[in-house]
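Chemist: Below are the sequence and a predicted model; questions follow.
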Amino acid sequence: MVYGIEHTAIVAKDSKTLTDWYVDTFGCRIVYDNGKGTYFTAFENGDMFEIISATEDKCCEDLEKLQGIRHIALAVTSEAFDELVPVLKADARVTEVHDVSENDKGLKTYWFRDIEGNFMHLIYRPTPLV
């Protein structure tokens, strides 16, 4: 079951400055800082922005790092993740961007473009950030 949007990603020229602006302007709090320019900010109700550093090269092939709103992450249970990935892979209208990955903390992601080309990903996070 998809239980909501886990976060929306914004790629920024200066991720620290943009993060600080959301904190100062809207009262967000930083709930994750990877120490490399990626921040998760949370609003009071738990909605989050992931703010990522843009690449210098606007002509790069890594579209995930170009400035602007990049993707929406759908929060799912572990069981739903395992059920939905094969469904998405079987749908000829869906384009896989990155296959399933799982880190050492159990966080699972699957990146894809929906049937209209919108950049999305499923995310199972064992311990939610908020």
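Modeler: Looks like it came in fine.
Chemist: What residues of the lowest-mean-pLDDT helix or strand in the chain count as buried?
Modeler: Lowest on mean pLDDT, DSSP states H and E among the helices and strands of the chain sits strand 68-76, with a mean of 84. By 16 or more other Cβ atoms under 10 Å, the buried positions in strand 68-76 come out as Arg70, His71, Ala73, Leu74, Ala75, Val76. C-beta here means a position set from N, CA and C on the backbone, and glycine is covered the same way.
Chemist: Quick one: list the elements packing against it.
Modeler: When contacts are defined as 3 or more Cβ pairs under 8 Å, 6 or more residues apart in numbering; DSSP states H and E, strand 68-76 sits against strand 2-12, strand 119-124.
Chemist: list the helices and strands the next helix or strand along the chain from the first one packs on?
Modeler: It stands for strand 2-12. Downstream of strand 2-12, the first helix or strand assigned by DSSP states H and E is helix 15-26. Identification of packing neighbours for helix 15-26 by 3+ Cβ pairs under 8 Å, 6+ apart yields strand 2-12, strand 29-33, strand 39-42, strand 48-53.
Chemist: Now tabulate those strands in CSV and tack on mean neighbour count, distance to Leu88 and mean pLDDT.
Modeler: Listed next are the helices and strands packed on helix 15-26 as CSV, based on neighbours: other Cβ atoms under 10 Å; distance: least, Cβ to Cβ, whole Å; pLDDT from 0 to 100:
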stretch, mean neighbour count, distance to Leu88, mean pLDDT
strand 2-12, 17, 12, 88
strand 29-33, 14, 26, 97
strand 39-42, 23, 24, 95
strand 48-53, 22, 21, 91
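Chemist: just to revisit the earlier point, would you turn the helices and strands packed on strand 68-76 into TSV with distance to Glu96?
Modeler: Formatted as TSV, the helices and strands packed on strand 68-76 follow (distance: least, Cβ to Cβ, whole Å):
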stretch	distance to Glu96
strand 2-12	18
strand 119-124	11
